[in-house]
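J.: got a predicted structure here, sequence first:
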There are 2 protein chains.
Amino acid sequence: MAPETQGQKRENSNIVFIGNKPLVNYVKSVLIQFNKQNSQEVIIRSRGKFISKAVDVSEIAKRALEQKVKIKAITTASEQFETKGKTTNISTMDITLTK
Amino acid sequence: MAPETQGQKRENSNIVFIGNKPLVNYVKSVLIQFNKQNSQEVIIRSRGKFISKAVDVSEIAKRALEQKVKIKAITTASEQFETKGKTTNISTMDITLTK
């Protein structure tokens, strides 16, 4: 497998995007980043309804790593998009965990 | 009406608890705190699935107040409770807006 494929890049990134998968998948991704990829920092990125899930992932990962990581920053923003000629805003959130 | 009733106290508090009501109700509560109650600081408090809604409230209030308020802090935590002998964790979030 070529090391520069899109999938490979994403797997090695320290950004975990929260979506429809079970909560535990994202917790595992965060733990792998810290424990196997030796990342100093992991960003848990979420939008809209997934923001609540992102906070759960962050809280569970912190407990699992027993105070070895802490929240460095939580930032929120809004993204605009057009649907059927209407402008809609969606909230976004980045939680940065650091060792 | 006595000024010390529970309802009165809650109304004058600078903490807005996010729940099942429509989004706009909470946005209005935040705006009233800043504009009518002259609060320097408003805390948007949420738990579990309402966390996403809290971020929406914060983003909409910021836009409505056109940069006159900013996010001072976002903190997350976990609360434990027992249901049917099982310990469950729920995530909580406080967004502090300040003038």
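T.: Received it, and whenever you're ready, just let me know what you need.
J.: all strands for chain A, in order.
T.: Assigned by DSSP state E, the strands in chain A fall at A:15-17, A:41-47, A:70-83, A:86-98.
J.: for chain A, which residues are neighbours of chain B?
T.: Neighbours of chain B within chain A, by CB under 8 Å from any CB of the partner chain: A:48-52, A:55-56, A:58-60, A:63, A:71, A:74-78, A:89, A:91, A:93, A:95. Every C-beta, even on glycine, is put in place using the N, C-alpha and C of the backbone.
J.: please list only the buried members of these.
T.: With burial judged by 16 or more other CB atoms under 10 Å in any protein chain shown, the buried subset of those is A:50-52, A:55-56, A:58-60, A:71, A:74, A:76, A:78, A:91, A:93, A:95.
J.: quick one: which of those is nearest residue A:40?
T.: Distance to residue A:40 across these (CB to CB) is lowest for residue A:71, with 14.0 Å.
J.: now for the buried ones among the residues of chain A next to chain B, which pair is the farthest apart?
T.: A:60 and A:78, at 26.6 Å, using CB to CB across these.
J.: if we can go back for a sec, adding mean pLDDT, write the strands of chain A out as TSV.
T.: Shown next, in TSV, are the strands of chain A (pLDDT from 0 to 100):
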stretch	mean pLDDT
strand A:15-17	97
strand A:41-47	97
strand A:70-83	94
strand A:86-98	95
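J.: Serialize those strands to TSV and add fields for distance to residue B:18.
T.: Converted to TSV, those look like this (distance: least, CB to CB, whole Å):
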stretch	distance to residue B:18
strand A:15-17	24
strand A:41-47	17
strand A:70-83	14
strand A:86-98	13
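J.: hey, which of the ones you listed is tucked in deepest?
T.: Most buried of these, by mean neighbour count (mean count of other CB atoms under 10 Å in any protein chain shown): strand A:41-47, with a mean of 21.
J.: do you know how far residue A:28 is from chain B?
T.: 17 Å (CB to the nearest CB, to the nearest Å).
J.: count the residues that sit near that residue.
T.: Using other CB atoms under 10 Å in any protein chain shown, the number of residues around residue A:28 comes to 15.
J.: tell me the contacts of the residue nearest the centre of chain A?
T.: The centroid of chain A falls nearest to residue A:44 when counting by CA atoms, centre = their mean (2.1 Å). If a contact means CB atoms under 8 Å, 6 or more residues apart in numbering or on different chains, then residue A:44 has A:16, A:18, A:26, A:30, A:54, A:57, A:58, A:94, A:95, A:96, A:97 as its contacts.
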